[in-house]
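In: can you look at this prediction? I've put the sequence above it.
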Amino acid sequence: MDKVKKAGIVKNATSISKQLLLGAIFLVSTLFIETVTFLLLGFNALPQYLILDVSIILIIIGIVLLIPFFKIQQTVFAIIIIIQIFLSYTNVTLYNIFGTIVTVDMINLVAEAVTAVELSVINITLVSVFVFIAIAYIAGNIIFSKSFKNVKTIKNTNKIKIALLTVICFLSIQFVGYNSYIDQVENFNSTSVYAFIGDDALLYDTLIFEAESLKKFGTFGFYFQDINSTLFNLEKDKAEKIVAANEYLDAGVNSTIGDYTGISEDNNLIVIMAESLEWYAIDEELTPTLYEMSQNNVSVNNYYSKSKTNISEAFGFLGSHPLTQGFASVLPGAAKLNKNNFDYSLPNLLKNDGYEGINYLINHKKHFYKRNETHNNFGFNDIFDISDFVVKDSKINYWGDWPLDSEFFKGAIETIAPAELENPFFNWITTMSMHGPYDGNYRLADYLDQIDASNWVNALSGTADENHLKNYQAAVMDLDRAVEYLLEELENRNLLETTTIAIYADHETYYHDLGLKIKGIDKADYQNPEVYRVPFIIYDDNLPSMQITDFACPYDIMPTLMDLFGISYNTNMYMGNSVFIEDENSQVFLSLTGGVFNKTIFTINGTDIISQGALDSTNKEEFLQSLEDLLRKVIKFNDLYCYNLFR
């Protein structure tokens, strides 16, 4: 009897050792994957707050080891490892393209991401590395399991005691992890005189610099907080946030009256958000209409945008955006743009002034970014996509097979520029045919022939991107043709003299790194603001020709239009300023895809400052103060959205 009892105790002790070893293997594996990821990202091998990262891993280990079945424990650990590997690959890919990383909020864009993924962004070598790590982990676990297979199950009278010992052991792991977590969170560094910049406690609370947060807090530390803030953060300090946000709105002042305030009052308004439009593609010979507008109308020459299309779009008619990646969120802790009050939006303000039309048109599919769920709530009367009009060659067979913007304008012209209305109209157009990839589009054949017959010089001639640039240039020529057609139709309908047209780009040409290559900027130098300088042009017969050189960004689109149309507004309701008001131009722009910058200075985290020119202490101090003010404002606006406080 004593032998059986002793054998049972040995067996159960071995079982505990087996599970502890399983947890140890998981811990080492997660840190190994993290090290590989961090090195690929160009970070240090391990996060600054390693104890925080490890504490979360220990909590996970303690929870999983409480599961009574070993094979289930193995399976759960393997699933977590695979998720970590997927996040690591995606983070390295996104960081190399955009300077950003995956967040929980991006679950709202899964459908769009699946639709838009294409082979040029898949790094086979990187995939192979992470697949090898996953296979190695699974194979190692199989070998590990077999090494313990000879242990026989023996009945004994000490099962309750052993089970209790097991629970105590694994709860102790959780206890150590939890207390390490609390100790680390309560002892973050603060290395700055500013409230936000350099304060790691605030960085952890907001995760506003996402890549920097990953770098400091580690994979598990970052995503634990990301899940917590995205799913459960709305109730935290809710009453105080609402009071502070309302006080912020009450402190706002009326917008400044400038030299051009109200000059476009009662004009029709057409806004064209041009997909991936770049200055380098506006050519006197190949795009004469856009070139003429840029030279003889209003050209905002230092307009910078580093935003995804939907974010740039929202800035244009909302004047702000919360710290989320999509229009409509399924997550409980994120702002619900499909449910909020938007009386302050550009469509609603113009609707209140008696404007007609107020339609949103896109040369794509309206469900992309869930526009069909949100844009009516933003104030647009109708949401139209390419399926609502008769457009030549409109079938999209694959990602990159874009119908021409010029054909879309022709098919939708009665909606874009309606004749014989009693009141002025407002319509919004988002273009598509300049979207990458630029591998070829049969619809652009005529433009390609024109390029061959022209004096245009291909700056990437002789490189792998020679045809990419040529195809992109052809697509911009089609936008030029679309705008030319629009101007002709407005003149034929006696509407041109009373119509304001604003054209702005959503972002740079990031496909194939065309923007970088044309501007002679190495991919590693993505923190050069010149990468993100794109067109913003205004056509209006009431305005003189102007070349505006002050810094401008997506924050300024809507305030500029409100200024021209004589709409007085509370300056604390919008992020930016009118480009026509001297000494009130925006100072810095925070990109939701990573980074804060102006014309010459860029920072990815608020502490590492990169300047394209001489940076003296005064310029640095001014930039940091502007950054500090902007961070306060961005967080305040996020609260306004989350608690639906705009009025």
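Out: The structure has been received and is ready for your questions.
In: where are the low-confidence patches of this protein?
Out: In the predicted model of the chain, residues 1-16, 108-121, 148-195, 327-334 satisfy pLDDT under 70.
In: contacts for stretch 610-621, please.
Out: Stretch 610-621 is contacted by residues 527-530, 600-603, 609 when judged by CB atoms under 8 Å, 6 or more residues apart in numbering. Quick note: C-beta positions are derived from backbone N, CA and C, even for glycine.
In: among those residues, which are in strands?
Out: Among these, the members found in strands (DSSP state E) are 601-603, 609.
In: which single one of those residues is nearest to Asp449?
Out: Phe602 (40.3 Å; CB to CB).
In: pretty sure the closest one is touching Gln527, no?
Out: Yes. If you go by CB atoms under 8 Å, Phe602 and Gln527 touch, sitting 4.1 Å apart.
In: out of these two, which sits in the busier spot?
Out: Phe602 (27 against 20; other CB atoms under 10 Å).
In: which residues touch the more buried one?
Out: Phe602 touches 527-529, 595-596, 609-611, counting by CB under 8 Å, 6+ apart.
In: and it, how far from Pro437?
Out: According to CB to CB, to the nearest Å, Phe602 stands 27 Å off from Pro437.
In: same question, Phe384
Out: Distance from Phe384 to Pro437, by CB to CB: 26 Å.
In: next: Lys351.
Out: 38 Å.
In: where do the helices sit along the stretch 1-150 of the chain?
Out: Remark: helices assigned in the stretch 1-150 of the chain by DSSP state H, counting those that start in this stretch are 2-41, 50-65, 70-98, 110-116, 124-147.
In: can you check the stretch 351-500 of the chain too?
Out: 371-374, 405-416, 445-452, 466-492.
In: can you list those in CSV and add distance to Phe315 and mean neighbour count?
Out: Shown next, in CSV, are the helices of the stretch 351-500 of the chain (distance: least, CB to CB, whole Å; neighbours: other CB atoms under 10 Å):
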stretch, distance to Phe315, mean neighbour count
helix 371-374, 14, 19
helix 405-416, 21, 22
helix 445-452, 30, 15
helix 466-492, 20, 21
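In: okay, the ones you listed in JSON lines with distance to Tyr248 next?
Out: As requested, the helices of the stretch 351-500 of the chain are exported to JSON lines (distance: least, CB to CB, whole Å):
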{"stretch": "helix 371-374", "distance to Tyr248": "25"}
{"stretch": "helix 405-416", "distance to Tyr248": "38"}
{"stretch": "helix 445-452", "distance to Tyr248": "49"}
{"stretch": "helix 466-492", "distance to Tyr248": "39"}
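In: mind checking which of those is nearest Ile272?
Out: With CB to CB as the criterion, Ile272 lies closest to helix 466-492 of the helices of the stretch 351-500 of the chain, at 7.4 Å.
In: burial count for Tyr223?
Out: 23.
In: Ile85 contacts Ile133, correct?
Out: Yes. Because the distance of 6.1 Å satisfies CB under 8 Å, Ile85 is recorded as touching Ile133.
In: all the strands of the stretch 501-647 of the chain, residue numbers only.
Out: Counting by DSSP state E, counting those that start in this stretch, the segments of the stretch 501-647 of the chain that form strands are 536-539, 546-548, 589-590, 596-597, 601-603, 609-611.
In: pipe the ones you listed into CSV and attach distance to Lys146 per row.
Out: Formatted as CSV, these follow (distance: least, CB to CB, whole Å):
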stretch, distance to Lys146
strand 536-539, 65
strand 546-548, 71
strand 589-590, 53
strand 596-597, 53
strand 601-603, 52
strand 609-611, 53
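In: pick the most buried one from the helices of the stretch 1-150 of the chain.
Out: Greatest average neighbour count among the helices of the stretch 1-150 of the chain goes to helix 50-65 (a mean of 22), per mean count of other CB atoms under 10 Å.
In: and that one, how far from the chain's centre?
Out: 30 Å (CA atoms, centre = their mean, to the nearest Å).
In: between the strands of the stretch 501-647 of the chain, which one is closest to Thr206.
Out: Using CB to CB, these put strand 589-590 closest to Thr206, at 11.7 Å.
In: now do Arg481 against Ile63, distance only.
Out: When CB to CB is applied, the distance between Arg481 and Ile63 equals 61 Å.
In: quick one on the thing from earlier: overlap in contacts, Phe602 and Gln527.
Out: Joint contacts of Phe602 and Gln527 (CB under 8 Å, 6+ apart) are 595, 610.
In: and the nearest residue to Asp541 once chain neighbours are set aside, how far is that from Phe144?
Out: The shortest distance from Asp541 to any non-neighbouring residue, by CB to CB, 6 or more residues apart in numbering, is to Glu497 (5.1 Å). Going from Glu497 to Phe144 by CB to CB gives 79 Å.
In: just to revisit the earlier point, which among the ones in strands among the contacts of stretch 610-621 gets closest to Glu212?
Out: The closest of these to Glu212 turns out to be Thr603 (CB to CB; 9.5 Å).
In: these two touch, right, the closest one and Ser591?
Out: No. The criterion here is CB under 8 Å, and Thr603 misses it with Ser591 at 11.0 Å.
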